[in-house]
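predicted structure and sequence below. I'll ask about it afterward.
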Amino acid sequence: MPRMMADSTMETGNIGGAKGFQFSGVRIEHLGATEYTLVTIAVDVTGSTALFADDLRKCLIAAVESCKRSPRSINLLLRVILFSTSLARGIEELHGFKPLAEIDPQSYPTFKPSGGTPLFDAMFSVVGATNAYSKKLMDQDFLTNGIVFVITDGDDTSSVATTGMIKDEIERGTRGENIESLIPILIGINAGTCKNYLAALETEVGMKYKDAGDATPGSLAKVAEFVSRSVSSQSQAVGTGGPSQNVSATI
Amino acid sequence: MRFSTDHYFQIGHAHYTAGKPCQDHALSRSTGAVACAIVSDGCSSGGNTDIGARILTLGTLQAIREHAKARDGSLATAGVSIAARQEQCIAAARPMLGLEPEDMLATCGYIYLTQDGGLVRLHGDGVIACKYRDGTIAMRRYDWTDNTPFYPSYNGADLDAFVGCHGGDMQEVRFTEQSVVRRERGEYVRTDRVEYSLKDGIAGVSMEFSASHLEQIEFLAIFTDGVTQIDGVDWRDAITDFLAFKSTAGEFAKRRMIRGIRDTQRAGGKGPIDDISYAVVHIQPETKTDIEMEEQPWGLQPHEGISASSSTDAGR
């Protein structure tokens, strides 16, 4: 069960049809704009990331800070989750979909990597929650699109969700049923021998794969910049009604 | 009663493709206990009427603020007081900004509601609509012959020219009202058409609402005539769609109209041909929480997610 922040402005939602997958998002009555890009960043905190956990946290903070400086920042809602089998139900939500102005990334906790990789659960959570929350917003006349990033160094070792479930959610998002467009991105960092496996997921589930190379401060800084530029691009597309576009930014 | 408001204006296809600015403007404000919603439509063949429209809406807002602050609880003086202030604003702003008379050619309609009742006034053309708590929508559309509406800025020689443009006979029929009622089930009933003289049209539309009548209304809205010129959409259906709010939190009217327009464009239409704008007051019945809530100062737009109450039967 994701840990939900105790905040009366937030409410909990379920990802349709998936028991045990929850997310949180700001209550609609607290939203002032008419259109939003729903951004989700999922970070691998399994044991294998221990050597670069601090840099991974800095990467996350840098990406969020950069999004906060965007001219479109008031039209962004951000959700951040960590994933590892050491966490309850494999996923911990640092916060649900919230306006960037309400997020202080410097307060993100120090990562304590351990456990195996529920990669598929993380992928399902980020896409499914985006679709579910977007439906809620679109039903209330908001215009939304979404972009999700899953940052990982390895393959799936223990998940409840299947690739079929992930693929269905991605197809639901890219079809534009309950969200104008959805761009799902899997980022491999220090993926090494898992690189080919992760790249193959692109074909299997439809999640674009970007390899970030070795986990160095420099490469993780590039990941942060990639996230920021991709979010900016997607944010400018909201309201155009266009289909999902390929991300032109590179790492 | 507790009031909340929202408004929206958007450029039409004709101006967008011609490289002209949006000449509609809309404003709304609420303290909770008092609310106003204002729209203005600048003349397409005038000068910088986008500026004129804004001067009118802002001047009207200021006039309503002053009246609300000074009034003794009576709306009887509101119409005259606000009209006088509008004239002062136009007269003062024009030379200050170096504007020409043709820059000030804009219609103006407003809704002004208090706990004692409300007033709706319209000079020019447009639509006034009430959505009752039982889902019934009553709409009144106002048009001028030859699409030549009266503008509040007309006086002296300009007024003579306007009268001359309409044939010179003050008793001649030049202004029409179409009344439509739409039941919740969707059928349109009771469509009436009333013709008014040039003299009556210049005097403008004035509607008064008692407090008890307001309690039966969920939304009171005023539209510029752009709502009657949406490609492929009957104006009655457009009004109905723009009042079909999914929620009343935040920029509820803006979201609804943006979404409504997009839906028409997705269906193959061009959307609004003319600039379009509307301003809406949401009327919530008084609850114990309302009594305890403090009034908001003018200038803030409190957006509270209070759901609509259940409908009540109302004779009309």
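Alright, I've got the coordinates.

just the element for B:Asp41, please.
For B:Asp41, the element it lies in under DSSP states H and E is strand B:35-41.

pLDDT on that strand, on average?
On average, the pLDDT along strand B:35-41 is 97.

for that strand, name the packing helices and strands.
strand B:2-10, strand B:24-30, helix B:49-70, strand B:108-114, strand B:217-223, strand B:276-284 (3 or more CB pairs under 8 Å, 6 or more residues apart in numbering or on different chains; DSSP states H and E). All C-beta spots, glycine's among them, are computed from the backbone N, C-alpha and C.

weakest of the ones you listed by average pLDDT?
Across the helices and strands packed on strand B:35-41, the lowest-scoring stretch is helix B:49-70, with a mean of 93.

residues of that one that come out buried?
For helix B:49-70, the neighbour count (16 or more other CB atoms under 10 Å in any protein chain shown) marks B:49-65, B:67-68 as buried.

find the closest residue to chain B in the stretch 51-200 of chain A.
Closest to chain B within the stretch 51-200 of chain A is A:Asp141: 3.8 Å, counting by CB to the nearest CB.

so that residue makes contact with B:Arg255?
Yes - counting by CB atoms under 8 Å, B:Arg255 is a contact partner of A:Asp141 at 3.8 Å.

quick check: neighbours shared by those two?
A:Thr34, B:Lys246 (CB atoms under 8 Å, 6 or more residues apart in numbering or on different chains).

that older thread, out of the helices and strands packed on strand B:35-41, the one nearest A:Ala63 is which?
strand B:2-10 (33.5 Å; CB to CB).

can you list contacts of the very next helix or strand once past the closest one?
On the C-terminal side of strand B:2-10, the closest following helix or strand by DSSP H and E is helix B:13-18. Contacts to helix B:13-18, defined as CB under 8 Å, 6+ apart, come from residues B:Lys20, B:Pro21, B:Cys22, B:Gln23, B:Ser44, B:Asp231, B:Lys270, B:Gly271, B:Pro272, B:Ile273, B:Asp274, B:Asp275.

how about a cut-off of 6 Å?
Applying CB atoms under 6 Å, 6 or more residues apart in numbering or on different chains, the external contacts of helix B:13-18 come out as B:Lys270, B:Ile273, B:Asp275.

now render those as a markdown table, adding pLDDT and neighbour count.
Below are these laid out as a markdown table (pLDDT from 0 to 100; neighbours: other CB atoms under 10 Å in any protein chain shown):
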| residue | pLDDT | neighbour count |
| --- | --- | --- |
| B:Lys270 | 91 | 15 |
| B:Ile273 | 95 | 17 |
| B:Asp275 | 97 | 28 |
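
low-confidence stretches in the chain?
Assuming you mean chain A. Applying pLDDT under 70 to chain A flags the ranges A:1-6, A:17-19, A:241-248.

chain B is the one I meant
In chain B, residues with pLDDT under 70: B:71-73, B:287-316.

any idea how far A:Leu31 is from the residue nearest the centre of it?
For chain B, B:Ile222 is the residue whose C-alpha lies nearest the centre (CA atoms, centre = their mean; 2.7 Å). Counting by CB to CB, to the nearest Å, the separation of B:Ile222 from A:Leu31 is 26 Å.

try A:Gly154
36 Å.

name the residues of chain A found near chain B, please.
A:Ile28, A:Glu29, A:Leu31, A:Gly32, A:Thr34, A:Gln140, A:Asp141 (CB under 6 Å from any CB of the partner chain).

looking at those residues, which is nearest B:Met139?
Distance to B:Met139, by CB to CB, is smallest for A:Asp141 among the residues of chain A next to chain B, at 21.0 Å.

in chain A, which spans are strands?
A:10-14, A:22-26, A:35-44, A:76-83, A:91-99, A:143-152, A:182-188, A:208-211 (DSSP state E).

including mean neighbour count, could the ones you listed go into JSON lines?
Shown next, in JSON lines, are these (neighbours: other CB atoms under 10 Å in any protein chain shown):
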{"stretch": "strand A:10-14", "mean neighbour count": "16"}
{"stretch": "strand A:22-26", "mean neighbour count": "22"}
{"stretch": "strand A:35-44", "mean neighbour count": "26"}
{"stretch": "strand A:76-83", "mean neighbour count": "26"}
{"stretch": "strand A:91-99", "mean neighbour count": "23"}
{"stretch": "strand A:143-152", "mean neighbour count": "26"}
{"stretch": "strand A:182-188", "mean neighbour count": "25"}
{"stretch": "strand A:208-211", "mean neighbour count": "18"}
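
neighbours around B:Arg182, how many?
B:Arg182 is flanked by 22 other residues according to other CB atoms under 10 Å in any protein chain shown.

mind listing what it touches?
For B:Arg182, the contact set (CB under 6 Å, 6+ apart) comprises B:Ile137, B:Tyr188, B:Thr240.

likewise for B:Met139?
B:Val127, B:Ala129, B:Val180, B:Ile239.

quick check: beta-bridge partners of it?
Using DSSP bridges, the bridge partners assigned to B:Met139 are B:Ala129, B:Val180.

next: the one 5 residues further on.
On the basis of DSSP bridges, B:Trp144 takes part in beta bridges with B:Phe175.

tell me, how many residues neighbour it?
19.

how close does it sit to A:Thr152?
Distance from B:Trp144 to A:Thr152, by CB to CB: 66 Å.

over to A:Arg69?
A:Arg69 is 26 Å from A:Thr152, by CB to CB.

could you do B:Ile222 as well?
55 Å.

cool, and B:Pro285?
53 Å.

same question, A:Ser230
Applying CB to CB to A:Ser230 and A:Thr152 gives a distance of 17 Å.

what do you get for A:Ser114?
Taken as CB to CB, the span from A:Ser114 to A:Thr152 is 15 Å.

can you check B:Ile90 too?
64 Å.

kindly report the same for A:Asp211.
Separation of A:Asp211 from A:Thr152 (CB to CB) stands at 11 Å.

same check on B:Glu172?
Taking CB to CB, one finds B:Glu172 at 78 Å from A:Thr152.

B:Pro149 now?
For B:Pro149 relative to A:Thr152 (CB to CB), the value is 63 Å.

kindly report the same for A:Leu38.
20 Å.

what's the answer for B:Asp237, then?
50 Å.

for B:Ile239, same thing?
According to CB to CB, B:Ile239 stands 52 Å off from A:Thr152.

likewise for A:Phe226?
For A:Phe226, the distance to A:Thr152 (CB to CB) stands at 15 Å.

since that was my last question, I'll sign off now.
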